[in-house]
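1. Dropping a prediction and its sequence here:
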Amino acid sequence: MFSLIGTIIVGLIVGLIARAVKPGDDKLGFIMTAILGIAGSFGASFIGQKMGWYAPGAPAGWIASVVGAIVLLVIYSIVAKK
């Protein structure tokens, strides 16, 4: 339960960091930024657990979460342009 809450809190902050790091003008609101960060954090947790980097139930680290959110932001930008 606490790992889920931790992942959500990290995801909120990570979404803001990913928006600040990625260059370009993305027209995302606060809610979409938070969802993007949470999805990046969950994705990084899932991939990290499958690769053996994190224990089951452990949230992803900051760097992995930011990278996951940036990847999702890039994918979102590509899809939104089409």
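-> Sure thing, it's come through.

2. which parts of the helix or strand containing Ser77 are buried?
-> Element membership for Ser77, per DSSP states H and E: helix 62-81. For helix 62-81, burial by neighbour count (16 or more other CB atoms under 10 Å) applies to Ala64, Ser65, Val66, Val67, Gly68, Ala69, Ile70, Leu72, Leu73. In this view, the C-beta of every residue, glycine as well, is placed from N, C-alpha and C.

3. which outside residues touch it?
-> If you take CB atoms under 8 Å, 6 or more residues apart in numbering as the criterion, helix 62-81 is touched by 10-11, 14-15, 17-19, 21-22, 24, 26, 28, 36-37, 39-41, 43-45, 47-48, 53, 60.

4. and stretch 8-24, C-alpha only, in CSV?
-> Extracted in CSV, the C-alpha atoms of stretch 8-24 (Å, rounded to 0.1, in the frame of the first residue of the first chain):
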residue,chain,number,x,y,z
ILE,A,8,2.1,8.3,-6.9
ILE,A,9,3.9,11.0,-4.9
VAL,A,10,7.1,10.4,-6.8
GLY,A,11,5.2,10.5,-10.1
LEU,A,12,3.7,13.9,-9.4
ILE,A,13,7.1,15.4,-8.8
VAL,A,14,8.7,13.5,-11.7
GLY,A,15,6.1,14.8,-14.1
LEU,A,16,7.1,18.3,-13.3
ILE,A,17,10.8,17.5,-13.6
ALA,A,18,10.3,15.8,-16.9
ARG,A,19,8.4,18.8,-18.3
ALA,A,20,11.3,21.1,-17.2
VAL,A,21,14.0,18.8,-18.6
LYS,A,22,12.5,18.1,-22.0
PRO,A,23,13.0,21.0,-24.5
GLY,A,24,10.0,22.3,-26.5
